[in-house]
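Q: what follows is a predicted protein model with its sequence.
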Amino acid sequence: MADKTAAGRRNGKATSEPQTAKPATKSSSSLSITDILRIVGGLFLLNCLLSYFITNDSVLWGWRPWFIRPAVLTRYFQGPVHLTDAQLVQYDGSDPSKPIYLALNGTIYDVSAGARVYGPGGSYNVFAGKDAARGFITGCFAEDSTPDMRGAEYTYVASDIPLPAEYSLDPSTAETEKVTGAVKSYRSNELRRARKQVQDTIEGWAKMFRGEGGKDYFEVGTVIRPEGWLEKEPKKALCAQAIKGRPKPRSAPAQGQAQDAGAQYRGGR
Ligand SMILES: *[C@@H]1O[C@H](CO)[C@@H](O)[C@H](O)[C@H]1NC(C)=O
């Protein structure tokens with residue numbers, strides 16, 4: 001009997017051991033998940049503290065994703081803004097109850113965070129409430145506050161290449177003759193490079209207005225324009241300042257070739 005009990009006890013113990021061991025392993029595995037979470041959480045907190053301590057400002061090492069920016073979150077839930085160019089003017093900062101918007105090649109950005117510069121009296125107020133993409137290329141904000149960028153690439157085209165009549169301030173002096181050979185390839189290379197530079201310049205500004213440069217600006221929507229609006233606009237001449245600022249002829253051999261070939265084409269000087 002005693003043996004039985006002992007054996008039973010032993011058995012019981014033996015059988016109960018894995019039973020108690022099972023929940024123990026279970027709880028220890030769930031504990032380890034909690035532990036991992038604690039460790040990760042602790043490291044994250046430490047990282048935030050360290051970041052705040054070092055940057056003196058940010059808990060995420062200067063990383064400010066859109067979902068932690070309240071104004072961007074609000075805009076996200078309100079949905080995108082769609083305005084005509086005429087409606088956009090109301091957002092130039094003159095009405096303090098409205099955000100300050102500017103557009104760049106059809107995309108609208110909220111620059112309210114920079115009210116000091118984009119608001120009334122600010123040095124960049126000229127950009128506010130409009131799409132002045134052309135001005136961002138040519139630097140002529142007074143006359144080029146338009147999204148029409150046709151011909152603006154000539155800002156970046158070497159000064160030895162004549163402006164086409166349609167973009168020339170004085171079309172009567174513009175060269176209309178066709179060029180061939182080395183001149184033609186020099187010009188087309190220049191144009192290709194200049195168009196790329198236009199794209200890069202616009203994208204550079206867009207990045208900043210999207211807040212990627214660390215400023216609290218963000219994209220809010222698009223400008224509504226009628227189909228074919230651009231074709232209806234008269235082409236704009238390149239502004240005087242942009243003409244003056246055009247780069248020097250690119251490379252001496254190309255320039256020499258270009259001049260020689262051009263002279264030859266025109267039948268000497
Ligand atoms: C401007 O927008 C048009 C239409 O969305 C696009 O085709 C063009 O590449 C953009 N231009 C630049 C310079 O980004």
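A: The structure has been received and is ready for your questions. Note that the coordinates shown come from a computational prediction; the quantities given were computed from them, not determined experimentally.
Q: show the contacting residues for the nearest residue to residue 91 once chain neighbours are set aside.
A: By the measure of Cβ to Cβ, 6 or more residues apart in numbering, the closest residue to residue 91 outside its immediate chain neighbours is residue 101, 3.8 Å from it. Using the backbone N, CA and C atoms, a C-beta is placed for each residue, glycine as well. Residues in contact with residue 101 (Cβ atoms under 8 Å, 6 or more residues apart in numbering) are 81, 83, 88, 91, 108, 109, 110, 111, 128, 129, 220.
Q: bridging residues for residue 101?
A: Going by DSSP bridges, residue 101 is paired in beta bridges with residue 110.
Q: between the contacts of residue 101, which has the most around it?
A: Neighbour tally across the contacts of residue 101 (other Cβ atoms under 10 Å): the maximum, 28 neighbours, falls on residue 111.
Q: so it sits against residue 118, correct?
A: Yes. Between residue 111 and residue 118 there is a contact at 4.6 Å, judged by Cβ atoms under 8 Å.
Q: mutual contacts of the two, please.
A: Listed as contacting both residue 111 and residue 118 by Cβ under 8 Å, 6+ apart are 100, 102, 127, 128.
Q: find me the pLDDT at the residue nearest to residue 91, would you?
A: Note on residue 101: pLDDT of 97.
Q: about what we covered before: quick one, which of the shared contacts of residue 111 and residue 118 are buried?
A: Burial by neighbour count, judged by 16 or more other Cβ atoms under 10 Å, picks out 100, 102, 127, 128 from the shared contacts of residue 111 and residue 118.
Q: max pairwise distance over those residues: which two?
A: Greatest spatial distance among these (Cβ to Cβ): 100 and 127, at 9.6 Å.
Q: which neighbours do these two share?
A: Residues touching both residue 100 and residue 127 (Cβ under 8 Å, 6+ apart): 111, 118.
Q: these two touch, right, residue 167 and residue 235?
A: Yes. Contact criterion Cβ under 8 Å: residue 167 and residue 235 qualify, at 6.6 Å.
Q: please, where are all the strands along the protein?
A: Here the chain has its strands, by DSSP state E, at 81-84, 101-104, 107-110, 218-224.
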